[in-house]
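Enquirer: generate coordinates for the sequence data below:
(one chain, ligands or ions: 1)
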Amino acid sequence: QRFSIGLTGGIGSGKTTVANMFGELGASLVDTDAIAHQLTAPGGLAIASIRDHFGADFIDEHGAMDRARMRSHVFGNATARHALEAILHPLIRSETARAAEAATGDYVIFVVPLLVESGTWVGRASRILVVDCEEEVQIARVMQRNGLRRDEVEAIMAAQASRPARLAVADDVIENNGDAAGLLPRVRELHASYLELARAA
Ligand code: ATP
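Expert: Alright, predicted model coming up:
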């Protein structure tokens, strides 16, 4: 298995911003959210199973999973939610592994927003990198980016792992409380150490 990094962080912490910086330096990015989304897009690998299990009502006219309908169906329905997860999780796992194998960069960075919450990532990446950010900074960024109210952002954050829980699994941490340009020295430093580890692996 090749050397890889699992990159995570809370909503608005700066995962995408940081991942793109590593990408510019030569790492290959594997975006697990994008892969999960493709599985239920028109022609996606999960569509047939979703139709079989939940019925054609859950597939829209374009052949994609009807997200709104599925969301309300699994809300408060643990059996349905587990059934959906049983379809999606193995596919997410195999497709992310496939993307990693096909990657041509110096090493792979898996971007996994819910790495700590999902618990299935332990052991799949060589190291875990957490983008850490003060909660007030996170709230301000997400209010600005998504046009949400403070209490809406706080509700999303409350449903995610806590900052200490995330830091507890981190091998490496990038602090993102300042401006984006300030991230670069730390990204370069980590990239250099990842290159060395990737070569030794
Ligand atoms: P999500 O989990 O919500 O997708 P994320 O962790 O990928 O978020 P980004 O999308 O990278 O976070 O950043 C969130 C927002 O904050 C974006 O609008 C981004 O441009 C901005 N941002 C990120 N880092 C900084 C920074 N250091 N200074 C200013 N703005 C930043």
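
Enquirer: just checking, residue 42 touches residue 65?
Expert: No - counting by C-beta atoms under 8 Å, residue 42 stays clear of residue 65, with 9.4 Å between them. Quick note: C-beta positions are derived from backbone N, CA and C, even for glycine.

Enquirer: okay, those two: which has more neighbours?
Expert: Higher neighbour count among residue 42 and residue 65: residue 65, with 24 against 13, using other C-beta atoms under 10 Å.

Enquirer: can you list the residues of the chain near the ligand?
Expert: Taking C-beta under 6 Å from any ligand atom as the contact definition, the chain meets the ligand at 9, 11-17, 113, 141, 145, 176, 178-180.

Enquirer: same thing but at 8 Å, please
Expert: Taking C-beta under 8 Å from any ligand atom as the criterion, the chain approaches the ligand at residues 9-20, 33, 111, 113, 131, 133, 141-142, 144-146, 176-180, 182-183.

Enquirer: list the contacts of the most centrally placed residue in the chain.
Expert: Taking C-alpha atoms, centre = their mean as the criterion, residue 112 is the residue nearest the geometric centre of the chain, at 2.4 Å. Contact analysis of residue 112 by C-beta atoms under 8 Å, 6 or more residues apart in numbering lists 6-8, 32, 118, 121.

Enquirer: next, give me the two most distant ones among those.
Expert: Greatest spacing in the contacts of residue 112, by C-beta to C-beta: 7 and 118 (14.0 Å).

Enquirer: higher neighbour count, these two?
Expert: Using other C-beta under 10 Å as the criterion, residue 7 and residue 118 rank with residue 7 on top: 29 against 16.

Enquirer: for that one, list each beta-bridge partner.
Expert: Counting by DSSP bridges, residue 7 is bridged to residue 111, residue 129.
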